[in-house]
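Undergrad: generate a structure from the sequence data that follows.
(2 chains)
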Amino acid sequence: MTTSPGAATPTDQQLVEAYRAGDEAAAATLVGRHGPAVARYLSAIGAFPGEVEDLVQESLFRAFRRIESWRGEAGFRTWLCTIAGNLLRDEHRKRKGRLVVSIDDHPLADHADPEGTLMAGELEVRLSAALARLPRLQREVFLLRAQQEAEYADIAAALGTTAGAARVHFHHAVKALKGLIE
Amino acid sequence: MIDCETLLDLMPVVAAGRATWPAGAEEHLRSCPDCRSAWQVIGAAARLGRDGPASIDYAAMAARVSSRVGAARRAKRNRRNLGLLSLLAAAAITLIVWRGHPGVVTGTTGSVQLTPEARAFVIPVSGLDELDTGQLQAIYQQLDGPLGAGGSVGGPALEELSPDEMSQVLSSYQG
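TA: Numbers count the residues shown, from 1 in each chain, chains lettered A, B, ... in the order given. Below is the predicted model of the structure:
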């Protein structure tokens, strides 16, 4: 997510350039700006609540370690989400067959307002389950567009495809999700 | 009248509150069950993970990430410096070997001359340098001849032995 040049708030591009020049505070600003979105993205693509913080940190570490490879073709947040998605896939592949899920990893219903939780949360729970059944590319395109509000061109640059293909993936994903949720 | 595909493309930004519906979109939504269903999905996706881990301290995380990146870069720099040093050492050794041993100087005619320091390491082979050409030639021919041929030790050649004598000779070799 970028802000317009000239505004008081520096853009992601300006912050990245400042960080490359040695300004550590710029990195802190970028983490504060995009960390929560990366955490949400990780939760949506299947990370367990107990592993989200570690995965966000590792994603940010990987991103800042090779910050030179971000040239602004994709939005900084979209780029971070892509790194996080790849990391989660690698982690789950490594742990396949020996995954231990803590009981803390299951979100508990808010008993103070059970009816409200059911109404607001039921669709999200069904959507999460349906997302897990989508092909990986469709799932990532859908979430980058619907949850992270990324533009098709931005998604295309991050995932190495075209804007047209990203749009097709999004439309197919919505169609599949409607079928899976109903 | 807005079509379903255009409406679908607009849904994420409207769900995020970054835009409002254009004219005709709300009427389309009311009359199109497909789009209403898609709008539900997009709305749920926009809310997905919103109640995620709120306890993360992003300022502390930024400090940890910076520290790790700094350490990784230092380690990379050290590895690069070590590699460069190894390369320089290898280059120096190659140069020394290529130019010749420090004790050996190649003369202008191509013959090898020894420096005074190198001469100290020369081990003299006594006797051979005192022989004349004929004697050296005789030794060379003995060395070059077939095993057991010639009678330099004064005994019979191997081909002159009877089978019994040959067996004895072989037994003596076998201990």
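Undergrad: tell me the secondary structure at the spatially most central residue of chain A.
TA: Centroid-nearest residue in chain A, with Cα atoms, centre = their mean: A:Tyr41, separated by 2.8 Å. Three-state assignment for A:Tyr41 (DSSP: H, G, I helix; E, B strand; the rest coil): helix.
Undergrad: and B:Gly49, by the same measure?
TA: coil.
Undergrad: thinking A:Ile181 is in contact with A:Arg133, fair?
TA: No - using Cβ atoms under 8 Å, A:Ile181 makes no contact with A:Arg133, being 10.7 Å away. Every residue, glycine included, has its C-beta placed from N, CA and C.
Undergrad: more neighbours: these two, which one.
TA: Between A:Ile181 and A:Arg133, A:Ile181 has the larger neighbour count (other Cβ atoms under 10 Å in any protein chain shown), namely 16 against 10.
Undergrad: who's in contact with that one?
TA: A:Leu123, A:Arg126, A:Leu127, A:Ala130, B:Gln40, B:Val41 (Cβ atoms under 8 Å, 6 or more residues apart in numbering or on different chains).
Undergrad: remind me which residues of the chain are low pLDDT?
TA: Because you didn't say which chain, this covers chain A. A:1-7, A:97-120 (pLDDT under 70).
Undergrad: try chain B instead
TA: Those would be B:51-54, B:100-114, B:121-128, B:144-156, B:173-175, if you go by pLDDT under 70 across chain B.
Undergrad: how about the residues of chain B by chain A?
TA: Within chain B, the residues that sit near chain A (Cβ under 8 Å from any Cβ of the partner chain) are B:5, B:8-9, B:11-13, B:15-16, B:18, B:34, B:37-38, B:40-42, B:44-53, B:56, B:58-59, B:61-66, B:68-69, B:72-73.
Undergrad: where do the helices sit along chain A?
TA: All helices of chain A, identified by DSSP state H, fall at A:12-20, A:24-44, A:49-65, A:76-94, A:114-131, A:136-146, A:152-159, A:163-181.
Undergrad: please identify the most buried of these.
TA: Between the helices of chain A, helix A:136-146 has the highest mean count of neighbours, a mean of 23, where neighbours are mean count of other Cβ atoms under 10 Å in any protein chain shown.
Undergrad: and the angle for that helix with helix A:24-44?
TA: Note on geometry: by axes from the mean of the first three to the mean of the last three Cα atoms, to 10 degrees, helix A:136-146 and helix A:24-44 are set 120 degrees apart in direction.
Undergrad: what's next to helix A:136-146, contact-wise?
TA: Helix A:136-146 has contacts (Cβ under 8 Å, 6+ apart) with A:41, A:44-45, A:78, A:81-82, A:85, A:89, A:131-132, A:134, A:150, A:152, A:154-155, A:158-159, A:161, A:166, A:169-170, A:172-174, A:176-177, B:11-12, B:15, B:41-42, B:45-46, B:48.
Undergrad: which parts of chain B belong to which domain?
TA: Partitioning chain B according to automatic domain parsing yields domains covering residues B:4-47, B:79-144.
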